[in-house]
Structures are given as C-alpha cells and as structure tokens.
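[1] return a 3D structure for these sequence lines:
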Amino acid sequence: MSMLQSRTRSARKNSRGPGFSPGLSIAPVLLAVALTAVLASGLWWGLLRGSSPDPAGTRASLDFTRIADGPPPTRFDTGQPASSSKSPQDPGSNFVVRNGRLTYQPTTNEVSAAYFSTLDMGAPLTSLGASWVFSPRKGTLGAIALLVSRGLRDAMPPITPPVPVHFVATALNWTLGVAKDENTPLETIAAGDFTAPLREDGATAYAVSIHINGDEVTIDLPDGGRTTVMDPRIAEWRGDYATFEVYSNHGLTDSLGGFERVWADSTGKH
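    Numbers count the residues shown, from 1 in each chain. Next up, the predicted model:
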C-alpha cells in the first residue's frame, strides 16, 4: 500500500517525512512526509480502541499537562473514547505521557510515527487543533500532524481514507494536503514557511487551530499567521474522525514533537 506522499524541506540534512503524514517545501533540503516510507519501515500497528460513537455535534479535548506519566489516556477529558496506535516492533515508538506531554522515544533509527485519535464524533468535523513543543536532538527535523478522516482501522497507519485535511508542521514550515485513497499519493494543496523557525528547546509551546467550513479551511498558524485554502475535496471527503500524529524520519536523532493539548469539534449534523 502506498497512500500518501508530500514533501517538507529541512535546513539541515536530507530527510523523509511522516506516515499518512507531513510534507512541505522550504530551502534547501527535503523532508518527505510519506506513508510509503512508513510502510517501508516495516512497522505494524494495532489500535487500542474504545467503543460507542459520540452523540452528534460534540467537542473532544484533552490536556496532557494534567496527566501523570504513563500510557496515553483511553478517554478525552470530555469523556469520549480515545484510540492510540501501538507498534509491536518498537515499544519506544508508542505514545506515552511524559512530563505533561504526549510523545514517544523510538529506539531504532528508522521512520517512526504514533497516532492518537478520536472515535466517531457523530458528525463531520468543523475544527481541530493542538498545542505542542519540539524537543531538540542531533538529527533532522521531526514533525507533528493533524488529520481528518472517515474512520480508523487495525492497520498501519490507522487512518481510513479519504483524508480531506492533512496538516503537517516542522520547526521550519507547514503543509496542507488531501488524499483520496490508499493508492493515491497525498496531494499538497497549500504550503508555507514560518516567519521565523519554531524553537526546538523542549519548552516553547506552539499552537495551531484548523477551521473547516464546506470546501474552505482556515488555519491559525503557530507563528501568528492565518491562511485560508479552498478545495472542493475538503467538503466532498469530510470526515468524523480527528487524529494527532508525531513523526520522525530518523527515530534516534530527529527532534521530537510532544502534544500538550489536543481538541476537535463536530457539527452536530451530517
């Protein structure tokens, strides 16, 4: 299966980027964010799932800064079940809560990714967002990603396409993409560089908010900028599931994303 591909540039070394994930263009080095790369890494994921869908029209939110160190929670603060990917090959590539952040610590230098998702929100998503920090390491840029999809599955990656919103951020830049199915590469529909690089100091928190209205997405970016993107597939492929991802091209050396808060809202009607 080769589902999504996009490109992200890094000011450091050549690198390739996130599974069902990231992509971007900035000078002068590419960080490819590709599902294909993740699949090639040989990682296989299972899902730890809750049950029942949410009532139509709801908000799911979770503040990891209030959670003790340990495995990721199985429910949001607002009560909805949560789903976490699980790698049987590298336990370090599974999400954990550490020092008030949802993050991971891969133990191999392969492509790694971890996913934390809502279950069915009962109606198409109208917004989602997250705050996070990047922690420094000696390699290339790691990334975080926010996705909207039609569902989840017990596979790697745990995303059921189509994907109408696929936002990726590194410390240097961002991309927005869409994906039709598992056989179609992720198509980047917007991308940009931050006005100044985000700090990878393990302390400075950044936030993104994504608002969905029909075929239009408005993104409040972590550098204070705002951008609006229109594409008919955003409305055509709308989904009821939100996913939050941390990604590394090189598990042992890339900078690490760590979510402090995540949230998602649905419309209350189809």
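[2] any low-confidence regions in this protein?
    Applying pLDDT under 70 to the chain flags the ranges 1-57, 268-270.
[3] what are the boundaries of the helices in it?
    35-40, 232-236 (DSSP state H).
[4] from memory Thr175 sits against Val165, does it?
    No. Counting by C-beta atoms under 8 Å, Val165 is not a contact partner of Thr175; they are 11.4 Å apart. C-betas here are computed from N, CA, C, even on glycine.
[5] which residues does the residue lying closest to Val178 once chain neighbours are set aside contact?
    If the residues on either side of it in the chain are set aside, Val178 comes closest to Arg233, at 5.0 Å by C-beta to C-beta, 6 or more residues apart in numbering. Under the criterion of C-beta atoms under 8 Å, 6 or more residues apart in numbering, the neighbours of Arg233 are 162, 164, 178, 180, 215.
[6] and the fourth one, how far is that from Ile189?
    Taken as C-beta to C-beta, to the nearest Å, the spacing of Lys180 relative to Ile189 amounts to 12 Å.
[7] same question for Pro72.
    Taking C-beta to C-beta as the criterion, Pro72 is separated from Ile189 by 30 Å.
[8] these two: which has the busier surroundings?
    Pro72 (23 against 18; other C-beta atoms under 10 Å).
[9] burial measure for the nearest residue to Lys180 once chain neighbours are set aside, as a count.
    Taking C-beta to C-beta, 6+ apart, and ignoring the residues beside it in sequence, Lys180 has Pro162 as its nearest neighbour in space, at 5.2 Å. Around Pro162 sit 19 other residues, with neighbours defined as other C-beta under 10 Å.
[10] so Pro162 makes contact with Val178?
    Yes. Here Pro162 reaches Val178: they are 7.4 Å apart, a contact under C-beta under 8 Å.
[11] mutual contacts of these two, please.
    Common contact partners of Pro162 and Val178 (C-beta under 8 Å, 6+ apart): 233, 237.
[12] can you get me a residue count around Ser248?
    Summarising burial for Ser248: neighbours were counted as other C-beta under 10 Å, giving 30.
[13] no no, Asn183
    For Asn183, the neighbour count with other C-beta under 10 Å is 10.
[14] same check on Ser127?
    When neighbours are counted by other C-beta under 10 Å, Ser127 registers 18.
[15] cool, and Gly92?
    Burial measure for Gly92: 16 neighbouring residues, criterion other C-beta under 10 Å.
[16] got it, and Gly225?
    Look at Gly225: counted by other C-beta under 10 Å, it has 12 neighbours.
[17] who's in contact with Leu198?
    Contacts of Leu198 were listed using C-beta under 8 Å, 6+ apart, and they are 134, 169-172, 204, 206, 222-223.
[18] filter those residues to the buried ones?
    For those, burial is judged from neighbour counts taken by 16 or more other C-beta atoms under 10 Å, and it is met by 134, 169-172, 206, 222.
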